[in-house]
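[1] Quick check, what structure comes out for this input:
(2 chains)
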Amino acid sequence: NAGVTQTPKFQVLKTGQSMTLQCAQDMNHEYMSWYRQDPGMGLRLIHYSVGAGITDQGEVPNGYNVSRSTTEDFPLRLLSAAPSQTSVYFCASSYSEAAGVNTEAFFGQGTRLTVV
Amino acid sequence: KQEVTQIPAALSVPEGENLVLNCSFTDSAIYNLQWFRQDPGKGLTSLLLIQSSQREQTSGRLNASLDKSSGRSTLYIAASQPGDSATYLCAVQFHTGRRALTFGSGTRLQVQP
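    Below you'll find the model as predicted:
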């Protein structure tokens, strides 16, 4: 059981380049989300999805796009990379119970992104 | 604003000691609280999930308690070992439409042999 898989693990981009961070889960979880982790700021929510075809913005969405065409996959796109997007990115998934409550969240191993 | 705070930011203890990590949150309207462990350069590993209706959860040497009315949770680690050295993160699912987790900044624990 792979859980939540993120690729790549490391990436260096030049300012202005675009790229997609991949996230896949094999637990049939409805809820998926992307966080970024920065020193001194903890983990902050970028975008989230409550099911296939449904996405919404989190706390820090600017400069990022997402889509959710299948239950399993939730890619994060950087449109035009900036040095401020240097961070560690985590994808998470969880099962959704009724009334908007999520159960235990599972995280991927992270993607360490450097923008130069 | 809904916030999660963890104190202390760092803790160093000798092997074998029992220890308590603290987490506080600003709004008692929560669905659940989850404790994670993060090793350097790694992802987050879920340790314990406490639903809002529960008072505590236990797994091995770990015990997490929840007091919603006072906005506090503690993670108790018994008989600490060097392998427990890691950063421990507390995260809360507040009653918001996003259903996301709000994280504390973590407590970095070092257990000295």
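
[2] tell me the contacts of A:Gly42?
    Counting by CB atoms under 8 Å, 6 or more residues apart in numbering or on different chains, A:Gly42 makes contact with B:Leu89, B:Phe103, B:Gly104, B:Ser105, B:Gly106. Any C-beta I mention is one placed from the backbone N, CA and C, and that applies to glycine too.

[3] Which entries within those meet the buried criterion?
    Neighbour counting with 16 or more other CB atoms under 10 Å in any protein chain shown marks B:Leu89, B:Phe103, B:Gly104, B:Ser105, B:Gly106 as buried within the contacts of A:Gly42.

[4] For A:Gln85, what are phi and psi?
    Dihedral pair for A:Gln85: phi -90, psi 0, per degrees, to the nearest 10.

[5] nope, A:Pro83 is what I meant
    Per degrees, to the nearest 10, the backbone of A:Pro83 is at phi -50, psi -30.

[6] Then B:Pro82?
    The phi/psi pair for B:Pro82 (degrees, to the nearest 10) is phi -60, psi -30.

[7] Return the residues in contact with it.
    Taking CB under 8 Å, 6+ apart, one finds B:Glu15, B:Val111, B:Gln112, B:Pro113 in contact with B:Pro82.

[8] what's the spacing between the most centrally placed residue in chain A and B:Glu17?
    Averaging the C-alpha coordinates of chain A gives a centre point, and the residue nearest to it by CA atoms, centre = their mean is A:Trp34 (2.6 Å). Using CB to CB, to the nearest Å, one obtains 37 Å as the distance from A:Trp34 to B:Glu17.

[9] What count of nearby residues applies to A:Glu104?
    Residue crowding around A:Glu104 was assessed by other CB atoms under 10 Å in any protein chain shown; the count is 12.

[10] ok, and the closest non-adjacent residue to it?
    Nearest residue to A:Glu104, sequence neighbours excluded (CB to CB, 6 or more residues apart in numbering or on different chains): B:Leu49, at 4.6 Å.

[11] How is the one you found classified with respect to secondary structure?
    Classification of B:Leu49 using DSSP: H, G, I helix; E, B strand; the rest coil returns strand.

[12] That one and A:Phe106 touch, don't they?
    No - between B:Leu49 and A:Phe106 there is no contact under CB atoms under 8 Å: 11.0 Å.

[13] Return the distance of the lengthiest strand in chain A from the chain's centre.
    Longest strand in chain A by number of residues (criterion: DSSP state E): strand A:42-51. The gap between where strand A:42-51 is centred and where its chain is centred comes out at 7 Å by CA atoms, centre = their mean, to the nearest Å.

[14] again with stretch A:91-106
    From the chain centre to the centre of stretch A:91-106 is a distance of 15 Å (CA atoms, centre = their mean).

[15] for stretch B:69-78, same thing?
    Between the mean C-alpha position of stretch B:69-78 and that of its chain there is a distance of 7 Å (CA atoms, centre = their mean).

[16] cool, and stretch B:44-56?
    For stretch B:44-56, the gap between its own C-alpha mean and the chain's C-alpha mean amounts to 9 Å (CA atoms, centre = their mean).

[17] any residues touching stretch A:52-70, and which ones?
    Applying CB under 8 Å, 6+ apart, the set of residues contacting stretch A:52-70 from outside is A:32-34, A:36, A:44-51, A:71, A:74-80, A:82, A:85, B:98, B:100.

[18] Now which of those residues would you call buried?
    For these, a burial check counting by 16+ other CB under 10 Å picks out A:32-34, A:36, A:44-50, A:71, A:74-76, A:78, A:85, B:98, B:100.
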